[in-house]
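> everything below, folded, please.
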Amino acid sequence: MTLLGLLIVFLLLYLIVSRRRELSPRDGSVIDIESVPVEEIISCPKCGNKVRDDYNTCPHCGYALKIKCGQCGRELNLDWRACPYCGTAVNPK
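Reported below is the predicted structural model:
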């Protein structure tokens, strides 16, 4: 009975911990999504997984979330048609 009780407790703890964390398949690092404020989390347009808004690439599918301006080198969102910093037109991929 004690062994069964320990097994149930271990299983419950495992389920709680595994829900709180997402494993990044690229580098094996663990991302604790629940510790990130909600306004900093977006969904990847390609795979739909949750990612932080400061990521340049989705760690789940490798989709480029941001690009760099060819003129000034600042980070740009993929949906921008021009760089807001220097005015250079952005070439769509």
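
> need the three-state assignment for the residue nearest in space to the middle of the chain.
The residue lying closest to the centre of the chain (Cα atoms, centre = their mean) is residue 51, at 2.0 Å. Secondary structure state of residue 51, per DSSP: H, G, I helix; E, B strand; the rest coil, is strand.

> now do residue 54
From three-state DSSP, the assignment for residue 54 is coil.

> what's the local residue count around the nearest residue to it once chain neighbours are set aside?
Excluding the flanking residues, the one nearest residue 54 by Cβ to Cβ, 6 or more residues apart in numbering is residue 40, at 7.1 Å. Backbone N, C-alpha and C define where each C-beta goes, glycine included. Neighbours of residue 40 under the rule other Cβ atoms under 10 Å: 11.

> how much space between residue 40 and residue 53?
Distance of residue 40 to residue 53, given as Cβ to Cβ, to the nearest Å: 5 Å.

> for residue 88, same thing?
23 Å.

> now do stretch 60-74, average pLDDT.
Stretch 60-74 shows a mean pLDDT of 89.

> for it, which positions count as buried?
For stretch 60-74, a neighbour-count test (16 or more other Cβ atoms under 10 Å) marks 60, 65, 67, 69 as buried.

> likewise stretch 78-90?
Of the residues in stretch 78-90, 83, 90 count as buried by neighbour count, 16+ other Cβ under 10 Å.

> can I get it in PDB, CA atoms only?
Extracted in PDB, the C-alpha atoms of stretch 78-90 (Å, rounded to 0.1, in the frame of the first residue of the first chain):
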ATOM      1  CA  LEU A  78       7.500  40.100 -40.300                       C
ATOM      2  CA  ASP A  79       4.300  42.100 -41.000                       C
ATOM      3  CA  TRP A  80       6.000  45.400 -41.400                       C
ATOM      4  CA  ARG A  81       6.500  46.800 -44.900                       C
ATOM      5  CA  ALA A  82       9.000  49.500 -43.900                       C
ATOM      6  CA  CYS A  83      11.600  49.900 -41.100                       C
ATOM      7  CA  PRO A  84      10.100  52.400 -38.600                       C
ATOM      8  CA  TYR A  85      13.600  53.500 -37.600                       C
ATOM      9  CA  CYS A  86      15.200  54.400 -40.900                       C
ATOM     10  CA  GLY A  87      12.300  54.200 -43.400                       C
ATOM     11  CA  THR A  88      13.900  51.500 -45.600                       C
ATOM     12  CA  ALA A  89      11.400  49.300 -47.400                       C
ATOM     13  CA  VAL A  90      11.300  45.700 -46.100                       C
END
